[in-house]
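Participant: Got a predicted model here, sequence first, then my questions.
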Amino acid sequence: MAQQCPLIFRQVDATVTRINTLFVVSGIIGFLVTHYLVILAFLIIDFCFRLSGQKQLSIINNLSLMLQVKFSLPINMEDAGAKRLAAFFGLGFVIAIGIAQFMGSISVVNIIAGIFLSCAALELFFGYCIACKIYYITKKIFPKGFE
């Protein structure tokens, strides 16, 4: 986690959030192959559960926890601020993909999905958070906007 990430002084397991990201990426790829809006609806609902603090209702989070235990993956605690910000960005991307699909603009769907998948892949494979960089730039431009 970089210094410019928002801090909320609550810890989450980064291993679980990376597995969550893997499931979301798989869902987006599944959507791009099938164009079933139910996949996006599922992802939106799941993001909303996790962002509202109802993680126990999140199927993706529960599966991630099960995989972490099953494969004895390490616990890697980090501040939840960056992960929460990234989840808000992910929710926004999924909603934007759904709107573009609903409007019938497949090229826009592919562009938005490509950007989202690129950002998610950076977090998944390298732990590099684009949302934190955007937060840092926005905070420099609008310093009072986050108080």
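Facilitator: Done, it's in. As the structure is a computational prediction, the values presented were derived from the model and not from experiment.
Participant: which other helices and strands contact the longest helix along the chain?
Facilitator: Counting residues, the longest helix found in the chain (DSSP state H) is helix 80-102. Judged by 3 or more C-beta pairs under 8 Å, 6 or more residues apart in numbering; DSSP states H and E, the packing partners of helix 80-102 are strand 11-13, helix 14-34, helix 37-51, helix 106-126, helix 130-141. Where C-beta positions appear, they are placed from N, C-alpha and C, glycine not excepted.
Participant: Swap in 7 Å and give it another go.
Facilitator: For helix 80-102, the packing partners by 3 or more C-beta pairs under 7 Å, 6 or more residues apart in numbering; DSSP states H and E come out as strand 11-13, helix 37-51, helix 106-126, helix 130-141.
Participant: rank the ones you listed by pLDDT, which is bottom?
Facilitator: Among those, helix 130-141 carries the lowest mean pLDDT, at a mean of 84.
Participant: Please compute how far it lies from its chain's middle.
Facilitator: In terms of C-alpha atoms, centre = their mean, to the nearest Å, the centre of helix 130-141 is found 16 Å from the chain centre.
Participant: Can you point out the buried residues in stretch 41-57?
Facilitator: Residues of stretch 41-57 classed as buried: 42-44, 46-47, 49-50, 55 (neighbour count, 16 or more other C-beta atoms under 10 Å).
Participant: I'd guessed residue 135 sits against residue 85; true?
Facilitator: Yes - using C-beta atoms under 7 Å, residue 135 is in contact with residue 85, at 5.9 Å.
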